[in-house]
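# sequence-free structure coming up:
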């Protein structure tokens, strides 16, 4: 068996025994967390691993930063009495 970060061993639940409310709630919460990881986190993890997500974040920040600086310069000219 190959060790992996993404291998999660589910607990063994006997099929013939009814689960009590606490056990059922725990299993439901585990399923929801696993589903969230599968749908939201894991698909984007390769982008962070390769650095592509970080580069995209930097580009968006720089564009917004430039727009803010331009707005400040224009605002300074309007308030300048000279």
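Looks like it came in fine. Note that the coordinates shown come from a computational prediction; the quantities given were computed from them, not determined experimentally.

# Residue 47 and residue 15: what is the separation?
Residue 47 sits 40 Å away from residue 15 when distances are taken as CB to CB, to the nearest Å. (C-beta placed from N, C-alpha, C; glycine too.)

# okay, these two: which has more neighbours?
Comparing residue 47 with residue 15 by other CB atoms under 10 Å, the one with more neighbours is residue 47, at 13 against 4.

# Model confidence for the more buried one, exactly?
For residue 47, the model assigns a pLDDT of 85.

# where does the residue lying closest to it once chain neighbours are set aside land in three-state SS?
Computed as CB to CB, 6 or more residues apart in numbering, the closest residue to residue 47 that is not its neighbour in sequence is residue 53, at 3.8 Å. When classified by DSSP: H, G, I helix; E, B strand; the rest coil, residue 53 comes out as helix.

# quick one: residue 53 and residue 41 touch, right?
No - using CB atoms under 8 Å, residue 53 is not in contact with residue 41; the gap is 12.0 Å.

# out of the two, which sits in the more crowded spot?
For the pair residue 53 and residue 41, the greater number of neighbours falls to residue 53 (14 against 10), based on other CB under 10 Å.

# so how far is residue 38 from the more buried one?
Distance of residue 53 to residue 38, computed by CB to CB: 18 Å.

# again, but for residue 45
Going from residue 45 to residue 38 by CB to CB gives 11 Å.

# For residue 30, see how far away residue 9 is.
Applying CB to CB to residue 9 and residue 30 gives a distance of 11 Å.

# How about residue 47?
Counting by CB to CB, the gap from residue 47 to residue 30 is 26 Å.

# Please apply the same query to residue 7.
Residue 7 sits 15 Å away from residue 30, going by CB to CB.

# Look at these two and report which has more neighbours.
residue 30 (13 against 8).

# so what's the more buried one up against?
Counting by CB atoms under 8 Å, 6 or more residues apart in numbering, residue 30 makes contact with residue 10.

# Residue ranges in the protein under the pLDDT threshold?
Residues of the chain that meet the criterion pLDDT under 70 lie in 1-5, 13, 56-82.

# Run through the neighbouring helices and strands of the strand or helix carrying residue 42.
Residue 42 belongs to helix 42-50 when assigned by DSSP states H and E. Counting contacts by 3 or more CB pairs under 8 Å, 6 or more residues apart in numbering; DSSP states H and E, helix 42-50 is packed against helix 52-79.
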